[in-house]
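Trainee: This is the structure alone, sequence omitted:
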């Protein structure tokens, strides 16, 4: 894994400024650093390297083609680089090194943007063409690797993390209020938006070109080269063998590395499936598990079953209340956009513990989104039943009554409201893990209040559903599409990337292998989820590999008992931050105090809401203003 930075300017680029941007990403690549500048000095590319495949100096980046025409910086891994290398050799372009970096550059030289369709891997890349004076940028299908970009005074900037852009002279730290709306509702800032006005993320499955028009860089809109497609094979009943075979193939292909490799083993279905696939592929596996002293959140007993079944070297680490407050500032630095999925805390400690022994970890991330593993998919199955037997107009009075009679934090009020709404409203509400919009509108202040007058996250959901309309693909598939584009790309993958890169660990989500994503689109949704089951056909396929008590236990997710810790002395920092005057210009202090009182009194479970305030305060402390950018210890 690596960190990439680049600048395309109307005139000479200050290479020293680019190096300073690059070195803010040293955690992403502690093994080496490099930079390159064009002859006319208008283009500068830089790279921080975590050497995983072919650590030889000849594979270092920026990687320049043998004739000097192309220069590549890239973050990620190309798993099928050996196969592509054979194709290139047969076509007369033999690689000179053993690296996936050179294969990637030669693939672009041979096939242009169409090379992206041939890649099996995770990547964010930029290739400068010195002859045609253009920069080609691309991001992998699911968005595993980040790519931020911005225009500042006619200059194009890109980087793996937005902190590098902030360091560019002239970058204005002006908050995007629409991004704050998304943060307070979805829990993250979704693609293509960014927390800073004037900056964006390249969406997953897209490429972008920046061309020099004379001395001036210009870009067109991002171009989609891949999308989640649903082509269910309805006449087929047996998927189990193909699922197992595809898992084994993906795990085998993704285990290529010249450094120690292991797996994250939570004890859930997806991580256990990845661990089993690796073991069955004959790969020596070291497994790492995070646990808690609270039995209601502790999945270690299930992880131990899997580890014992496959005779793995297995290590555990327990996260305790003091761990949460110890890394507040560090996480606000590494998550350089506000982020409210507080499972980043155990994820960080899992990565830190594993990094002491390995450099690459395979994970089960993406399985819930692709194969309908969340409990909300059961509710969608129930909605399908209701639509057949209880017309929606008959459900609306129950929804209205619940809204009038129950408090805003009531799960029953929310569930009845979802069943009474239209399909788009239901799907959008299921994705809202934060504040209800009416409440946010009532108590918001400043630019946030202005943004709420013109925007709501349901607008974003509606635009995405144009590519997967519920009447055409069904509710379950519509939600799978939204989960891929929002929950996964903006939430889970950001969490994993930032937490792992904070300790220079590469994580490879096996379920996001291109064959497993394509397979997920071919399986009929009713075989995945209904009102009683989630991820059903996947669990059936895994019965020969895993114990039923692992496959069919109650879903826990990667949760932690932060709500119980908030009232303890060592966690008072979270409550102090939720009360911080820095937030007065965002949400009214009396409203924030009411939230804390409701939670501490036990009348409501508002952990996520309080954490969203506390994290935003820590983030504002780190990033607001024009102070020096220094990583906390």
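Mentor: Alright, I've got the coordinates. Small disclaimer: the values here were computed from a predicted structure and weren't measured.
Trainee: Count the residues that sit near residue 266.
Mentor: For residue 266, the neighbour count with other C-beta atoms under 10 Å is 26. Heads up, the C-betas are built off the backbone N, CA and C, glycines and all.
Trainee: Tell me both backbone torsions, phi and psi, for it.
Mentor: Torsion angles at residue 266 (phi, psi; degrees, to the nearest 10) stand at phi -90, psi -20.
Trainee: give me every residue that touches the residue nearest to it when sequence neighbours are not counted.
Mentor: Spatial nearest neighbour of residue 266, excluding adjacent residues (C-beta to C-beta, 6 or more residues apart in numbering): residue 299 at 5.4 Å. Residue 299 makes contacts with 266-268, 289, 291, 556, as judged by C-beta atoms under 8 Å, 6 or more residues apart in numbering.
Trainee: Can you turn the buried part of those residues into a PyMOL selection?
Mentor: Here is the PyMOL selection string for the buried members of the contacts of residue 299, based on 16 or more other C-beta atoms under 10 Å:
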select buried, resi 266+267+268+289+291
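Trainee: could the contacts of residue 299 be laid out in a markdown table, adding distance to residue 578, pLDDT and secondary structure?
Mentor: Converted to a markdown table, these look like this (distance: C-beta to C-beta, whole Å; pLDDT from 0 to 100; DSSP: H, G, I helix; E, B strand; the rest coil):
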| residue | distance to residue 578 | pLDDT | secondary structure |
| --- | --- | --- | --- |
| 266 | 29 | 93 | coil |
| 267 | 32 | 92 | coil |
| 268 | 30 | 94 | coil |
| 289 | 31 | 97 | strand |
| 291 | 27 | 95 | strand |
| 556 | 26 | 75 | coil |
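Trainee: Which residue ranges of the stretch 451-600 of the chain form helices?
Mentor: According to DSSP state H, counting those that start in this stretch, the stretch 451-600 of the chain carries its helices in the segments 457-465, 470-473, 475-482, 493-501, 514-522, 536-542, 548-551, 562-565, 572-578, 589-601.
Trainee: Can you add mean neighbour count, mean pLDDT and distance to residue 383 and give those helices back as a markdown table?
Mentor: Formatted as a markdown table, those follow (neighbours: other C-beta atoms under 10 Å; pLDDT from 0 to 100; distance: least, C-beta to C-beta, whole Å):
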| stretch | mean neighbour count | mean pLDDT | distance to residue 383 |
| --- | --- | --- | --- |
| helix 457-465 | 17 | 96 | 15 |
| helix 470-473 | 15 | 96 | 10 |
| helix 475-482 | 25 | 98 | 6 |
| helix 493-501 | 25 | 97 | 28 |
| helix 514-522 | 19 | 97 | 21 |
| helix 536-542 | 21 | 96 | 17 |
| helix 548-551 | 16 | 95 | 25 |
| helix 562-565 | 18 | 90 | 28 |
| helix 572-578 | 18 | 89 | 35 |
| helix 589-601 | 15 | 95 | 29 |
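Trainee: Which of those helices sits closest to residue 112?
Mentor: Residue 112 lies closest, by C-beta to C-beta, to one member of the helices of the stretch 451-600 of the chain: helix 514-522, at 19.3 Å.
Trainee: helices and strands around that closest one, which ones?
Mentor: helix 240-254, helix 367-370 (3 or more C-beta pairs under 8 Å, 6 or more residues apart in numbering; DSSP states H and E).
Trainee: most tightly surrounded among these?
Mentor: helix 367-370 (a mean of 26; mean count of other C-beta atoms under 10 Å).
Trainee: chain center to it, what's the gap?
Mentor: Centre-to-centre, helix 367-370 and its host chain are 13 Å apart (C-alpha atoms, centre = their mean, to the nearest Å).
Trainee: Give me the contact list for the strand or helix carrying residue 380.
Mentor: Element membership of residue 380, judged by DSSP states H and E, is helix 376-389. For helix 376-389, contacts defined as C-beta under 8 Å, 6+ apart pick out 395, 415, 418-419, 426, 430, 474-476, 479, 528-534.
Trainee: That helix versus helix 475-482: what angle between them?
Mentor: Calculated by axes from the mean of the first three to the mean of the last three C-alpha atoms, to 10 degrees, helix 376-389 forms an angle of 140 degrees with helix 475-482.
Trainee: Quick one: name whatever helix or strand follows helix 376-389.
Mentor: By DSSP H and E, the next helix or strand past helix 376-389 is helix 392-405.
Trainee: and that following helix, what does it pack onto?
Mentor: helix 411-420.
Trainee: Any buried residues in the worst-scoring helix or strand of the chain on mean pLDDT, and which?
Mentor: The helix or strand of the chain with the lowest confidence, counting by mean pLDDT, DSSP states H and E, is helix 392-405 at a mean of 79. Within helix 392-405, the residues that count as buried by 16+ other C-beta under 10 Å are 395, 399, 402-403.
Trainee: quick one: residue 459 and residue 447, what's the gap?
Mentor: 18 Å (C-beta to C-beta, to the nearest Å).
Trainee: same question but for residue 564, I mixed them up
Mentor: 35 Å.
Trainee: Please convert the buried residues of helix 392-405 to TSV, extending it with distance to residue 193.
Mentor: Shown next, in TSV, are the buried residues of helix 392-405 (distance: C-beta to C-beta, whole Å):
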residue	distance to residue 193
395	34
399	31
402	32
403	30
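Trainee: tell me the centre residue of the protein?
Mentor: Closest to where the C-alpha atoms of the chain average out (C-alpha atoms, centre = their mean) is residue 493, at 1.8 Å.
Trainee: How about the contacts made by that one?
Mentor: 142-144, 365, 509.
Trainee: could you check the distance from it over to residue 347?
Mentor: 11 Å.
Trainee: can you check residue 397 too?
Mentor: Distance of residue 397 to residue 347, given as C-beta to C-beta: 43 Å.
Trainee: Fine, thanks again, bye for now.
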